[in-house]
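Chemist: fold the following for me, if possible:
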Amino acid sequence: MQFTRRIALLTPLAALLVAAAPPKKRVAAPPRTAVPAYPAPSKAPLPEKVRVALTTEAGLIVVELDVKHAPASATNFVRYAETRRFDGTVFYRAMHLAWGQQPNGLIQAGTRGDPRRNLPPIAHEPTDQTGILHKAGTLSMARYAPGTATGDFSIMVSDQPGLDAQPESADPEAKAGYAAFGQVVEGMDVVKAIFAAPISETEGEGIMRGQILAKPVKIIAARRLPDTAPAPVASPVPASTAAAPQPGTAF
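Modeler: Next comes the predicted model:
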């Protein structure tokens, strides 16, 4: 019985692995005058955790990126936000999986291979090295082959262990898995609303048919939030000083 169940899951798992890649859509290079002048990213080292606010047409999503454990993927996401390359891009895909507890699947957004927006590809960071697993709310890099990820990312609506690295697998794709690098800390209701949006009956080719949103949800702005620092420790105040309010102090 266990073997039969495993065979039944092979096709859905293969679909999940393929569908986590960005769409293979050729984007024509624009005229030179149309190339946006993106600001330069900061060269300052990043803290271990960075938060980015995604203001979308459906509401606000705040994500926390794990720079310590997934430095290439998290830093890449921050650079796209700092240079405003995500501004005006869209959530374009909602992948609904028929098995398991519902809702089950992920949503996907990003540059869709646009050469005007893309930064160079980044190194692949498998989950068996980072320790960041594909749980509900996790951010993950979309890619073709390992090492080709650029400006597309997914957000898990539910746990997706099939996207984690499977070191003992004979399948290179399953062996590599996908690179998880952060977590939604605010706005999972917005993520689920995007996931539940109507799907186009005509958009998408091959395995992506039935996964493209009829009306993509625009990312109006992606902005890095101020780094959080520990609250300063107040110095002891002598009782005599504390007893007498200073002139002009409002109470």
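Chemist: how many residues are close by Gly182?
Modeler: Close neighbours of Gly182, defined as other C-beta atoms under 10 Å, add up to 27. From N, CA and C alone the C-beta is placed, and that goes for glycine too.
Chemist: how about Ser73?
Modeler: Ser73: 28 neighbours (other C-beta under 10 Å).
Chemist: quick one: what helix or strand has it in it?
Modeler: Per DSSP states H and E, Ser73 falls inside helix 71-82.
Chemist: and stretch 154-168, what's buried?
Modeler: Under the neighbour-count criterion of 16 or more other C-beta atoms under 10 Å, stretch 154-168 has 154-160, 162-166 buried.
Chemist: which one of those is nearest Thr130?
Modeler: If you rank the buried residues of stretch 154-168 by distance to Thr130 using C-beta to C-beta, Ala165 comes first, at 9.1 Å.
Chemist: show the pLDDT at Lys25.
Modeler: Here, the pLDDT recorded for Lys25 equals 51.
Chemist: how far off centre is the longest strand seen in the chain?
Modeler: Taking DSSP state E as the criterion, the chain has its longest strand at strand 212-224. How far strand 212-224 lies from its chain's middle: 12 Å, per C-alpha atoms, centre = their mean, to the nearest Å.
Chemist: likewise stretch 65-79?
Modeler: Put simply, stretch 65-79 sits 11 Å off its chain's centre (C-alpha atoms, centre = their mean).
Chemist: now it: buried residues?
Modeler: For stretch 65-79, burial by neighbour count (16+ other C-beta under 10 Å) applies to 65-67, 69-79.
Chemist: helix or strand for the residue positioned nearest the centre of the chain, just tell me which one.
Modeler: By C-alpha atoms, centre = their mean, the chain has its centre lying nearest to Leu139, at 3.6 Å. Taking DSSP H and E as the definition, one finds Leu139 inside strand 138-141.
Chemist: okay, and which of the buried residues of stretch 154-168 map to strands?
Modeler: 154-156.
Chemist: and of the residues you listed, the nearest to Thr228?
Modeler: Each of those was scored against Thr228 by C-beta to C-beta, and Ile155 proved nearest at 21.8 Å.
Chemist: hmm, the residue nearest to the centre of the chain is touching Tyr178, no?
Modeler: No - contact criterion C-beta atoms under 8 Å: Leu139 and Tyr178 do not qualify, at 10.4 Å.
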